[in-house]
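with the input below, show me the fold.
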Amino acid sequence: MRPARFVFVLWMVAACSSSPPGHPADAVKRFFQAVETGDCNAAIDTLSQAYRTELKQRNLSCDEYIERWRFQLERVIETQVDGRNKEAHLVRVHIRGRQTDSIIRVEAEDGQWRIFSM
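Have a look, this model is predicted:
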């Protein structure tokens, strides 16, 4: 294989398998920061398109949505690749005031890490 073609193939492989910048848990942190400050648009921006559609179908106003999630993120415990889908990550977090940890599923969408389910 010619050197130029080899470099092109490596570039294509990297482009197809690249992850968004940052860490999957960053989307979770941005979500809870937005909720804490009452910035509904910023909170919704961290969600996947499918999750946004689901919320619209529930007919929740922005204020109602923020109130349902007005919890404080105490810490991110760990992040691991979802065993069902290697493109998805499971972010285990501890929410202040809750006895058990929560799992939040994050995937790459439109060049960003976005929350797919909570």
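
show me which residues of stretch 61-79 are buried.
Burial within stretch 61-79, assessed by neighbour count using 16 or more other CB atoms under 10 Å, is assigned to 65-66, 73, 76, 79. All C-beta atoms are positioned from the backbone trio N, CA, C, and that covers glycine.

from those, which single one is nearest Gln33?
Distance to Gln33 across the buried residues of stretch 61-79 (CB to CB) is lowest for Leu73, with 8.1 Å.

how near is that closest one to Ala108?
Computed as CB to CB, to the nearest Å, the Leu73 to Ala108 distance reads 21 Å.

now swap in Phe31 and tell me
Counting by CB to CB, the gap between Phe31 and Ala108 amounts to 16 Å.

ok, these two, which is more surrounded?
Phe31 (23 against 17; other CB atoms under 10 Å).

so who does that one touch?
Each residue near Phe31 by CB atoms under 8 Å, 6 or more residues apart in numbering is listed here: 43, 46-47, 69, 115.

work out for me the element it sits within.
Here Phe31, judged by DSSP states H and E, is contained in helix 25-37.
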